[in-house]
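Trainee: Quick one: sequence plus predicted model below, questions after.
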Amino acid sequence: MTVQIALPDSALASSHEGGGAAHEVTPDLAYLRTMLVNVVFLGVRNAGPGAWILIDAGIIGSAGAIRSAAEARFGKHAPPAAIFMTHGHFDHVGALEELSDYWDVPIYAHPLEAPYLTGKASYPPPDTKADGGIMPKLAPLFPRTPIDVSARLRELPLDHSLPYVSDWKWLHTPGHTPGHVSFWNERTLCMIVGDAFITTGQESAYEVARQTLEMHGPPRYFTPNWQAAALSVRMLAALQPDLVITGHGRPAAGPQMRTALEQLATEFETIAPPQHLQATE
């Protein structure tokens, strides 16, 4: 059986708001769940036009919900400075083109992710043998073809800084995709990790619906490079974050979160990959 790392409720990061509004986790961090996936708002409330960042862009059809949450947090005429992408899977780019056009803002991503954001390459097929629930069997129905936002796409700076944002930097965390990145604030020990690791069992429709709080590696059915994924998780765990916001699942914080993340990093090969790959990884 694949090991699951349960996270107690005490590891859940406190947040408030709801009813379609973003959930504020810290004064400058809030998130919105768009059915399958989270988007993150980086910036303090009422920061003003160009004084905040959107991280990832949800599923297809979520543009209206994201705009509404952004307007409730920052004001009606307060577009972000940019959109930062952790990676380009369908559930993270669903509203990307519509939102970037609506706000007239640039999009930043790792250069290795560019082929999937410029219409040049499709992601590899999903692993339908992955265990954990029904989602791997449904994965062939999920879009893999690239979108093309090349007119707005910019490469993240080589020095790992983030445009328009102080204190934060980007980290290359491949495995789930070649150009996957996470975002790290060394001063506050806050981490936004996309799908480098997640806090719910994304393979199970039940766990997705319930948002069961557990520490997991990246989604098994869409992760082609498990060796790289392991190195990425170990790098992130070594930073000993105090708060993590993941692409799937609820934010988690504190010592029990760190303990679970350290266990995932240490025992990654027996916890994270699908069972049928564990013997060879």
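Mentor: Thanks, I have the structure now. What you see is a predicted model, and the numbers here were worked out from it, not measured in a lab.

Trainee: use CA for all of it now, contacts and neighbours both
Mentor: OK.

Trainee: The residue nearest to the spatial centre of the chain: what's its closest spatial neighbour, skipping adjacent residues?
Mentor: By Cα atoms, centre = their mean, the chain has its centre lying nearest to G194, at 1.8 Å. Once flanking residues are discounted, G194 sits nearest to G247: 4.3 Å by Cα to Cα, 6 or more residues apart in numbering.

Trainee: Now for the one you found, how many residues are close by?
Mentor: Counted with other Cα atoms under 10 Å, the neighbours of G247 add up to 30.

Trainee: what's the answer for the one 3 residues further on, then?
Mentor: Summarising burial for R250: neighbours were counted as other Cα under 10 Å, giving 22.

Trainee: In which helix or strand does it reside?
Mentor: In the assignment (DSSP states H and E), R250 maps to no helix and no strand.

Trainee: For M215, see how far away it is.
Mentor: In this view, R250 and M215 are 10 Å apart by Cα to Cα, to the nearest Å.

Trainee: which residues of this protein score low on pLDDT?
Mentor: 1-4, 6, 8-10, 16-20, 127, 131-141, 143, 202-211, 279-281 (pLDDT under 70).

Trainee: So which bits of the lengthiest strand in it are buried?
Mentor: As assigned by DSSP state E, the longest strand anywhere in the chain is strand 165-172. Buried residues in strand 165-172, counted by 16 or more other Cα atoms under 10 Å: 168-172.

Trainee: anything in contact with each of R250 and M215?
Mentor: Listed as contacting both R250 and M215 by Cα atoms under 8 Å, 6 or more residues apart in numbering are 199-200.

Trainee: Tell me who's in contact with the residue nearest to the centre of the chain.
Mentor: Counting by Cα under 8 Å, 6+ apart, G194 touches 86-87, 180-182, 245-248.

Trainee: could you redo the last one with a cut-off of 10 Å?
Mentor: G194 makes contact with 37-40, 55-56, 85-87, 92, 173, 176, 180-183, 218, 244-248, according to Cα atoms under 10 Å, 6 or more residues apart in numbering.
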